[in-house]
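> sequence-free structure coming up:
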C-alpha cells in the first residue's frame with residue numbers, strides 16, 4: 001500500500017468537509033439577501049485548489065458532494081436549487097479544467113472568472129430548459145456575467161492567499177527538518 005494514500009484520503013476528506021461547510025453556510029446566509037438565488041461561490045476555492053494541484057477527479061468529486069450534502073442539509077436536495085448547483089458546479093469544474101489543460105497561461109484569476117461565468121451560464125441554460133421553460137430568464141445574463149466576474153475575482157484572491165500561506169508553511173517545515 002502506498003504510504004501517501006491515507007494522507008491523500010485524509011486531505012481529500014478535509015477539503016470536502018471544508019467545501020461542504022462553506023457551501024452550506026453561504027447558502028443559508030445568501031437566502032437572507034434581496035436576491036436569494038445569488039451565491040458568491042466561495043466553496044469553489046477548494047475545487048480550484050484541487051485543479052491547480054492537478055487533482056481533477058477529486059475536484060469533480062468535491063463539486064458533486066458539496067452540492068448533494070448542501071442540498072440535504074438545507075432540505076433542498078430534491079429541489080431545482082440542487083440541480084442548478086450540480087449543473088453549474090460540474091460545468092465550472094469542466095471549463096476550469098480545460099482552461100488549465102490547454103496551457104494558455106491562465107492565472108488563478110482567469111481560471112476563476114471563467115469558471116464563475118460558466119457556472120452562471122450553465123444555470124441559466126438549466127433554468128430555461130428544465131426548471132422554467134418558456135421564461136425570459138436570459139434577461140439576467142448581463143447581471144450574472146457581472147456577478148460572475150466579481151465572484152471569480154474574489155474567489156481567486158482567496159485562493160492566492162491560501163496557496164501562499166500553504167507554501168510559506170511548507171517552506172518553514174522544510175527549514176525545521178533540515
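Received the coordinates, thanks. Small disclaimer: the values here were computed from a predicted structure and weren't measured. Numbers count the residues shown, from 1 in each chain.

> Which residues does stretch 20-34 contact?
Applying C-beta atoms under 8 Å, 6 or more residues apart in numbering, the contact partners of stretch 20-34 are 36, 38-43, 45-46, 65-67, 69-70, 73-74, 85. C-beta: built from backbone N, CA, C; applies to glycine.

> rerun at 7 Å
Defining contact as C-beta atoms under 7 Å, 6 or more residues apart in numbering, one finds that stretch 20-34 is touched by 36, 38, 39, 40, 42, 43, 65, 66, 69, 70, 73, 74.

> ChimeraX command for the buried members of the residues you listed?
The buried residues among the contacts of stretch 20-34 can be selected in ChimeraX (16 or more other C-beta atoms under 10 Å) with this line:
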select :39,40,42,43,65,66,69,70,74
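
> Show me the contacts of stretch 20-34 that map onto helices.
Residues of those located in helices (DSSP state H): 65, 66, 69, 70, 73.

> Next, find the distance separating the closest residue to the last one other than its chain neighbours from residue 61.
In this structure, residue 73 finds its nearest non-sequential neighbour in residue 24, 5.1 Å apart by C-beta to C-beta, 6 or more residues apart in numbering. Taking C-beta to C-beta, to the nearest Å as the criterion, residue 24 is separated from residue 61 by 17 Å.

> tell me the centre residue of this protein?
Nearest residue to the geometric centre of the chain (C-alpha atoms, centre = their mean): residue 44, 2.2 Å.

> Please report how far it lies from residue 136.
28 Å.

> Who are the packing partners of the helix ranked longest in the chain?
Using DSSP H, we find that the single longest helix of the chain is helix 141-177. If you count contacts as 3 or more C-beta pairs under 7 Å, 6 or more residues apart in numbering; DSSP states H and E, helix 141-177 packs onto helix 44-52, helix 108-126.
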